[in-house]
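Trainee: Return a 3D structure for these sequence lines:
(one chain, ligands or ions: 1)
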Amino acid sequence: MLLITNVTAVTVDAQRRIVTDAAILVEDERIAEIGKATDLMSRHSDAEQLDGRGMLALPGLIDAHAHSDQALLRGAADDLPWRPYLQEVIWPLLGQRIPEDALISLKLCMLEMIKSGTTCFVDSIVPSHYDFDILAQAVVDMGMRAVLAKYVLPDALFERDASPVVKGEFSAEEESLADAVRGIQAWHGAAGGRLQVWFGPLVPREEPPASASPDFYRRISQLAAEHGTGITIHLAGTIDDPPFFEREFGMLPAEFAQRYDLVGPNVLLINGTWFSEEEIPILAETNTRLVHSPSANMKMGEGVAKVPQMRAAGVTVALGCDAGANNNCHDMIREMKAASLLHNVTMMDPTTLTAEDALEMATIDGARAIGREDELGSLQVGKQADVILVDLQQPHTMPIHDPIANLVYAAHGGNVDTVMVAGKVLMRGREVLVADEAAILEEAQARGAALLERGGIEVAPGWPIE
Ligand SMILES: [Zn+2]
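Mentor: The predicted structure is shown next:
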């Protein structure tokens, strides 16, 4: 038994209660009790204590859209429109990656997440040519919770010589589906449920050419149902996507998703930046979830997803940091602020997406987005003990009048002091206990530099260097 004491507990429970002078009793991997510290400390004097004096206790943050294998590409493709970004930098570099790059990239990503309060993430594309078992084991070893979406893609992609994706990098339809099923059988529900394995199909889009193969998506949907797992897929993320769906299929992107079984509570759509008003009811009626990445959308100049309208229509919208290359960080606290600012300026109304709204998106809505709201996303008795302590006693987060406002608008990941997942402490006093931080940074620097060299990508500031 572990007793977290003297915290302000922001529970994000159904009543959204905030308990001051609180304590949280953790038994094994679950929250056993939440209440006033004096009461719990007197009744559980035998429990080991973790003093959180002056800190906020929150449910662990959930990053519902990440590309762990792009952490090594941080700073490699900045200030570029998305086509040259993908075609001239990201794809050539992805083609050069070796399994060791993928592993250190994942470790770097998880290290950054732990240090900024993220306890659970969705890794949206995990290609077959990486060693999936090694990556899954790395998540287990670092103590995090994750959905690993195995990349699956249709044969149509391989029939065109113009495909910019390096041949041999990805396995084709039968092979990729079989490999995904093998990953699900081996790892879905592993480590006491900390790991989930989903399908991460290729986005239907003109690049790579002919990647849209409608029946392929029906097949994935059937397989996901058969194995009791989920699907996450990028959709309608760029301004070119709706005209493509219109031209190719005579329908809007969400209509395509509905027609080919890419809707429902086990489907997490990524971006949806270009969903129109008329597509929102499709998401709401089918209980399809969306993950929004405001920083990446803004940095890439991609557009503004209709998040306030979707939330008003009852669509679950989670938050995600996206990738090292297009956001450049995996800090969910900064992402909450980005979400609020983006929608307030777009609607020209500062009440559009409040600090509380952003915190819901990063916690309980993230849990709902991955179908785990019964276990994650709030501090409640019986739920998994995924708890973070945030130290607001810093110059940039004082004075504290409204702790949620300070958390969302003034804090950043560096305010996170302690991180616990399933009752296990992963970081205490900003010291990561589950990995050798210095070794990860050193290897990431060496492998990142070598990767750019192999890919023939030179990166330098736009200003002269003397
Ligand atoms: Zn993405």
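Trainee: What is the distance between stretch 64-82 and the centre of its chain?
Mentor: 13 Å (Cα atoms, centre = their mean, to the nearest Å).
Trainee: I meant to write stretch 368-378 there.
Mentor: 14 Å.
Trainee: So for it, mean pLDDT?
Mentor: Averaging pLDDT along stretch 368-378 gives 98.
Trainee: Pull out the CA atoms of it and give them to me as CSV.
Mentor: What follows is stretch 368-378, C-alpha atoms only, in CSV (Å, rounded to 0.1, in the frame of the first residue of the first chain):
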residue,chain,number,x,y,z
ARG,A,368,-12.8,7.1,-23.7
ALA,A,369,-11.0,7.5,-27.1
ILE,A,370,-9.1,4.2,-26.5
GLY,A,371,-12.1,2.5,-24.9
ARG,A,372,-10.6,2.5,-21.4
GLU,A,373,-12.8,5.0,-19.5
ASP,A,374,-13.8,2.4,-17.0
GLU,A,375,-10.1,2.0,-16.0
LEU,A,376,-8.3,5.3,-16.8
GLY,A,377,-8.7,9.0,-17.2
SER,A,378,-9.8,10.0,-13.7
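Trainee: What lies in contact with that stretch?
Mentor: Residues outside stretch 368-378 that contact it (Cβ atoms under 8 Å, 6 or more residues apart in numbering): 11-13, 59-60, 62, 64, 120, 122, 145, 147, 193, 196, 230, 265-266, 268, 289-291, 316-318, 363-367, 383-384, 386. Quick note: C-beta positions are derived from backbone N, CA and C, even for glycine.
Trainee: cutoff 7 Å now
Mentor: Contacts to stretch 368-378, defined as Cβ atoms under 7 Å, 6 or more residues apart in numbering, come from residues 11-13, 59, 62, 64, 120, 122, 147, 230, 265-266, 268, 289, 291, 316, 318, 363-364, 366-367, 383-384, 386.
Trainee: pLDDT below threshold where in the stretch 351-466 of the chain?
Mentor: Residue ranges of the stretch 351-466 of the chain with pLDDT under 70: none are present.
Trainee: for it, what spans make up the helices?
Mentor: 355-362, 364-369, 403-405, 437-454 (DSSP state H, counting those that start in this stretch).
Trainee: I'd like to know which elements the first one is packed against.
Mentor: Here helix 355-362 is seen to pack against strand 317-319, helix 332-347, helix 403-405 when contacts are counted using 3 or more Cβ pairs under 7 Å, 6 or more residues apart in numbering; DSSP states H and E.
Trainee: most tightly surrounded among these?
Mentor: strand 317-319 (a mean of 28; mean count of other Cβ atoms under 10 Å).
Trainee: who does it touch, helix- and strand-wise?
Mentor: Strand 317-319 packs on strand 61-67, strand 289-292, helix 307-312, helix 332-347, helix 355-362, helix 364-369, going by 3+ Cβ pairs under 7 Å, 6+ apart.
Trainee: Let's have the ones you listed in CSV, adding distance to residue 404.
Mentor: Output for those, formatted as CSV (distance: least, Cβ to Cβ, whole Å):
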stretch, distance to residue 404
strand 61-67, 14
strand 289-292, 19
helix 307-312, 17
helix 332-347, 10
helix 355-362, 5
helix 364-369, 14
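Trainee: ok, back up a step: out of the helices and strands packed on helix 355-362, which gets nearest to residue 113?
Mentor: helix 332-347 (8.0 Å; Cβ to Cβ).
Trainee: from the chain's centre, how far out does that closest one sit?
Mentor: Relative to the chain's own centre, helix 332-347 is displaced by 16 Å; criterion: Cα atoms, centre = their mean.
Trainee: Dump the C-alpha coordinates for it into CSV.
Mentor: The C-alpha coordinates for helix 332-347 follow below in CSV (Å, rounded to 0.1, in the frame of the first residue of the first chain):
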residue,chain,number,x,y,z
MET,A,332,0.7,17.2,-23.3
ILE,A,333,0.6,20.2,-21.0
ARG,A,334,1.7,22.5,-23.8
GLU,A,335,-0.7,20.7,-26.1
MET,A,336,-3.7,21.5,-23.8
LYS,A,337,-2.8,25.2,-24.0
ALA,A,338,-2.4,25.0,-27.8
ALA,A,339,-5.9,23.5,-28.1
SER,A,340,-7.4,26.2,-26.1
LEU,A,341,-5.7,29.0,-27.9
LEU,A,342,-6.3,27.7,-31.4
HIS,A,343,-10.1,27.3,-30.9
ASN,A,344,-10.5,30.6,-29.0
VAL,A,345,-8.8,32.6,-31.8
THR,A,346,-10.6,30.7,-34.6
MET,A,347,-14.0,31.4,-33.0
